[in-house]
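**Student:** Pasting the sequence and the predicted coordinates here, then a few questions.
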Amino acid sequence: KPSPAAAPDRLPFSRITDEDLSFFRKILPGRAITDPDLLESSNVDWLKSVRGFSEVLLRPQTTEEVSQILKYCNSRNLAVNPQGGNTGLVGGSVPVYDEIILSTALMNNILSFDSISGILTCQAGCVLENLSLYLEERDYIMPLDLGAKGSCHIGGNVATNAGGLRLLRYGNLHGTVLGLEVVLADGRVLDCLATLRKDNTGYDLKQLFIGSEGTLGVITAVSILCPHKPKSVNVVFLGCETFEQLLKTFQLCRGMLGEILSAYEFLDSECMKLLNTHLKLPNPISGRHCPFYVVIETSGSDAAHDGEKLHNFLEEAMMSSLVADGTVATEDSKIKTLWSMRERVTEALTHDGFTYKYDISLPVERIYQLVTDMREHLGDRAKSVVGYGHVGDGNLHLNITSPAKDPTLLAAIEPFIYEWTARCHGSISAEHGLGLKKRNYIYYSKSSQAVALMGDIKAMLDPKGILNPYKTLPDNLK
Ligand code: FAD
Ligand code: S2G
Ligand code: ZN
């Protein structure tokens with residue numbers, strides 16, 4: 001099995017020269033940043049767990065500028081780290097050494113929106129929350145939503161094939177993204193920016209770039225199919241005594257709420273403790289301590305119809321004692337409060353110490369077994385072991401905290417967690433990607449034949465390997 005994700009040796013890329021800097025300053029006047037203070041935040045990831053040493057941050061505004069940058073870097077054998085909102089969690093968004101950071105922050109224009117089809121076309125640097133606000137004014141919503149919406153870019157979402165809180169209802173980006181414009185390593189612009197729902201003319205090339213984490217090309221524009229804004233939204237926060245009851249409640253949900261079910265998320269009591277302690281967020285089910293909590297959202301077009309279905313579901317769930325207690329929200333501010341109990345677990349974890357993060361796909365009935373096995377396996381070596389995530393997607397977020405970075409704890413966690421996942425034929429990275437941290441564990445979820453073919457595709461599209469080196473693919477491929 002592969003070696004741990006240690007920092008690999010620097011590959012023989014060129015180093016930046018003054019000549020390079022004057023080229024960048026010529027094509028990007030005032031937008032080729034070399035001030036170390038300004039570079040700092042772009043060199044460190046959101047978790048403050050990995051740090052690069054880039055000496056230049058480039059902020060193009062157009063596809064043409066991105067093309068000129070890559071053409072030049074490819075000819076000079078200069079490595080490039082594409083960066084969106086820098087909210088990635090696997091060390092993919094910041095350099096390992098002195099790679100040039102190519103930021104999409106200034107590529108934030110909406111190019112078109114068709115209010116009949118709901119198809120939005122925009123530049124890659126649009127912040128997800130800004131797109132949501134733009135669409136909601138026009139009676140539409142984005143098909144994805146995640147806790148990082150205030151900072152992440154749609155280009156980064158596509159590059160990581162981000163899942164999030166709405167995947168259960170609207171599917172993933174491989175289905176909702178209709179077209180991409182991508183600049184390849186040699187500066188060629190691949191225009192696959194279609195706005196058709198159906199187009200079966202040859203290979204669907206855009207799919208290659210969805211989830212490619214900046215290693216195959218720089219996404220410069222996205223066209224995406226957006227759903228109508230639901231007229232009626234309800235959020236329910238329920239407490240369950242056992243995970244079996246939580247799963248049975250999920251089944252009951254699917255049966256009784258059917259097409260209006262838009263999210264089914266969970267967090268365990270350990271998460272609730274972190275929210276109470278670190279963020280002072282009270283348990284919405286006042287005075288009720290439960291081993292598990294569930295956030296259920298319905299999104300429909302008729303409040304009376306939805307309210308009746310929800311009432312019948314809740315009655316059945318309580319009657320069959322699947323659910324210990326709960327609370328319902330129909331108006332915006334309370335809906336936001338209930339959602340923040342799920343969305344802010346990540347933030348609460350950052351206050352609990354050093355966090356080892358695992359984002360695992362498993363058969364849905366197994367997802368909490370991994371948490372209880374891990375707790376037993378670690379004993380008192382860890383400070384907290386928490387489980388939360390997207391039940392409907394079979395996606396567990398298992399996070400382990402300790403007062404400080406602890407190599408013996410890490411050695412107890414890995415490869416235990418990866419072997420456990422592989423035995424269930426799960427994925428060692430459900431939605432966050434592999435980046436730097438997880439790339440050497442790819443073989444726990446992909447055959448060596450598949451990984452070899454990924455290497456061939458990478459070699460074809462980026463022969464010099466300048467795009468996000470040290471990321472996604474394992475180092476023994478190099
Ligand atoms: P960055 O972090 O800047 O980059 C991520 C990767 O994409 C890097 O490899 C980078 O090189 C590449 N990249 C960025 N932009 C481009 C581009 N234009 N072209 C090519 N490559 C590019 N993720 C989920 O899937 N689901 C969640 O529910 C979720 N919740 C989160 C909650 C919080 C609080 C935080 C901090 C993160 C969460 N994430 C989640 C992880 C992260 O937000 C996503 O991976 C997000 O899609 C990253 O977008 P970004 O713009 O920040 O990309
Ligand atoms: C979520 C966020 C990142 C993490 O909250 O759904 O994807 O693992 C996660 O805390
Ligand atoms: Zn998630």
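**Tutor:** On my side now, so go ahead. All of these numbers come straight from a predicted model, not from anything done at the bench. Ligands and ions are numbered 1, 2, ... in the order given.

**Student:** can I get the CA coordinates of the strand or helix carrying residue 455 in CSV?
**Tutor:** According to DSSP states H and E, residue 455 maps onto helix 448-461. This file holds the C-alpha atoms of helix 448-461, laid out as CSV (Å, rounded to 0.1, in the frame of the first residue of the first chain):
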residue,chain,number,x,y,z
SER,A,448,-4.0,0.5,-10.4
GLN,A,449,-5.2,0.1,-14.0
ALA,A,450,-7.6,3.0,-13.5
VAL,A,451,-4.9,5.2,-11.8
ALA,A,452,-2.4,4.3,-14.7
LEU,A,453,-5.0,5.5,-17.2
MET,A,454,-5.5,8.7,-15.2
GLY,A,455,-1.7,9.2,-15.5
ASP,A,456,-1.9,8.7,-19.3
ILE,A,457,-4.6,11.4,-19.5
LYS,A,458,-2.6,13.8,-17.3
ALA,A,459,0.5,13.2,-19.5
MET,A,460,-1.5,13.9,-22.7
LEU,A,461,-3.2,17.1,-21.4
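
**Student:** So which residues make contact with it?
**Tutor:** 184-185, 208, 215-217, 442-443, 446, 465, 473-474, 477 (Cβ atoms under 8 Å, 6 or more residues apart in numbering). For every residue, glycine as well, the C-beta is placed using N, CA and C.

**Student:** any chance of these in JSON lines, plus pLDDT?
**Tutor:** Converted to JSON lines, the contacts of helix 448-461 look like this (pLDDT from 0 to 100):
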{"residue": "184", "pLDDT": "98"}
{"residue": "185", "pLDDT": "98"}
{"residue": "208", "pLDDT": "98"}
{"residue": "215", "pLDDT": "98"}
{"residue": "216", "pLDDT": "98"}
{"residue": "217", "pLDDT": "98"}
{"residue": "442", "pLDDT": "97"}
{"residue": "443", "pLDDT": "96"}
{"residue": "446", "pLDDT": "97"}
{"residue": "465", "pLDDT": "98"}
{"residue": "473", "pLDDT": "97"}
{"residue": "474", "pLDDT": "95"}
{"residue": "477", "pLDDT": "74"}
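
**Student:** Cross those against strands and list the overlap.
**Tutor:** Nothing among the contacts of helix 448-461 maps onto strands, per DSSP state E.

**Student:** Give me the buried subset of those.
**Tutor:** With neighbours counted by 16 or more other Cβ atoms under 10 Å, the contacts of helix 448-461 contain buried members at 184-185, 208, 215-217, 442-443, 446, 465, 473-474, 477.

**Student:** re earlier: so which two of the contacts of helix 448-461 are the farthest from each other?
**Tutor:** Using Cβ to Cβ, the two most remote members of these are 184 and 443, lying 27.4 Å apart.

**Student:** on that earlier part again, list the ones among the contacts of helix 448-461 that fall in helices.
**Tutor:** Mapping those onto helices (DSSP state H) picks out residue 208.

**Student:** Looking at the protein, what residue ends up closest to ligand 2?
**Tutor:** Among the residues of the chain, residue 346 lies nearest to ligand 2; the distance is 3.4 Å by Cβ to the nearest ligand atom.

**Student:** Apart from its chain neighbours, what residue comes closest to that residue?
**Tutor:** residue 147 (5.7 Å; Cβ to Cβ, 6 or more residues apart in numbering).

**Student:** list the contacts for the one you found?
**Tutor:** Contacts of residue 147 by Cβ under 8 Å, 6+ apart are 343-344, 346-347.

**Student:** Go ahead and name everything in contact with stretch 21-33.
**Tutor:** Outside stretch 21-33, the residues that touch it by Cβ under 8 Å, 6+ apart are 34, 39, 56-61, 65, 68-69, 72, 106.

**Student:** hmm, try it at 7 Å
**Tutor:** With contacts defined as Cβ atoms under 7 Å, 6 or more residues apart in numbering, stretch 21-33 is touched by 34, 39, 56-60, 65, 68, 72, 106.

**Student:** Stretch 308-321 too?
**Tutor:** Applying Cβ under 7 Å, 6+ apart, the set of residues contacting stretch 308-321 is 234, 236, 249, 252-253, 256-257, 260, 298, 323.

**Student:** Out of these, which two sit at the greatest distance?
**Tutor:** So, the contacts of stretch 308-321 by Cβ to Cβ: farthest apart are 260 and 323, at 18.4 Å.
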